[in-house]
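Visitor: here is the input, now give the coordinates:
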Amino acid sequence: MKDILGKALLDYHNGNYSEDILTETNISEEDPLPLAYLFRSYAEMPTLEQKALDICKGHTLDVGCGAGSHALYLQEKGIEVTAIDISEGAVQVTSKRGVLHAHKTDILNLSQASFDTILLLMNGTGIFQNIDKAPYYLRHLKSLLKEGGQILIDSSDLQYMYDTNEDGSIWVPGDRYYGELEFTMSYLGEKTEVFPWLYLDESRFATIATIEGFLFEVIKRGKNFDYLAKLTVAEHNHS
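Guide: As a prediction, the model looks like this:
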């Protein structure tokens with residue numbers, strides 16, 4: 001896939017900012033993703049993200065690190081952090097901003113139980129791609145956790161994106177879960193291929209996580225049907 005995100009982040013970091021990334025989904029119009037926002041400080045972050053960073057502990061894995069804002073803050077707090085992204089440009093920017101351990105890799109390529117906290121922010125469930133793959137990703141994440149470790153992940157319930165009936169029920173697609181979206185990103189006239197991105201509502205996420213042997217706890221809720229969840233391995237389940 002074209003590294004459009006990486007190119008945009010590098011341009012911004014290097015002082016060549018000219019325009020923002022545009023994102024588009026199969027249920028929404030083009031929407032700008034302001035590059036400056038990806039370089040935000042702790043004070044500029046939404047409260048859900050601040051809360052997640054506040055409760056990170058031990059060796060932390062920042063999955064989909066982007067420009068490295070979360071990793072940088074944690075490192076400055078004295079937390080050992082490893083930042084990963086599938087975008088080469090994102091990893092370069094994260095390193096240039098001072099994050100010591102930033103690597104271009106897919107989460108599925110990591111194989112050692114070496115993290116006390118796994119952090120997945122800015123709709124962390126997106127990497128699951130679709131609801132059928134969510135259990136597979138959760139099992140893999142579990143294999144990377146040290147005993148007593150935690151996964152901190154945020155998502156949103158996309159019900160509000162759909163039309164509501166008088167009885168409060170919503171019109172949703174019949175052929176897929178309503179939180180399964182198809183995304184594209186474009187920047188300076190280039191466009192990515194379509195990629196799948198999953199938003200998971202709380203109750204469905206709780207069900208899947210519980211089946212996979214996790215305790216699922218919502219730590220904080222935001223204003224737009226978004227929430228931060230903490231997943232820990234249930235005591236009886238250390239497989």
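Visitor: shaky segments in the protein?
Guide: Applying pLDDT under 70 to the chain flags residues 1, 236-239.
Visitor: again, 90 this time
Guide: 1-2, 112-113, 159-175, 224, 234-239 (pLDDT under 90).
Visitor: show me where it has its helices.
Guide: Using DSSP state H, the helices of the chain run over 4-13, 47-54, 69-76, 88-96, 134-143, 202-211.
Visitor: quick one: buried residues of the fourth one?
Guide: Using 16 or more other C-beta atoms under 10 Å as the burial criterion, the residues of helix 88-96 that qualify are 89-94. Bear in mind the C-beta positions are built from the backbone N, C-alpha and C, glycine included.
Visitor: ok, now which ones touch K223?
Guide: Residues in contact with K223 (C-beta atoms under 8 Å, 6 or more residues apart in numbering): none are found.
Visitor: these two touch, right, L228 and L48?
Guide: Yes - using C-beta atoms under 8 Å, L228 makes contact with L48 at a distance of 4.5 Å.
Visitor: biggest strand in the protein by residues?
Guide: strand 145-156 (DSSP state E).
Visitor: which residue is the nearest non-sequential neighbour of the most centrally placed residue in the chain?
Guide: Centroid-nearest residue in the chain: G124, 2.4 Å away (criterion: C-alpha atoms, centre = their mean). Distances taken as C-beta to C-beta, 6 or more residues apart in numbering place I153 nearest to G124, at 3.8 Å, with adjacent residues excluded.
Visitor: if we can go back for a sec, quick one: closest of the helices of the chain to K220.
Guide: helix 47-54 (4.8 Å; C-beta to C-beta).
Visitor: who are the packing partners of the closest one?
Guide: helix 69-76, strand 145-156, strand 214-221, strand 226-233 (3 or more C-beta pairs under 8 Å, 6 or more residues apart in numbering; DSSP states H and E).
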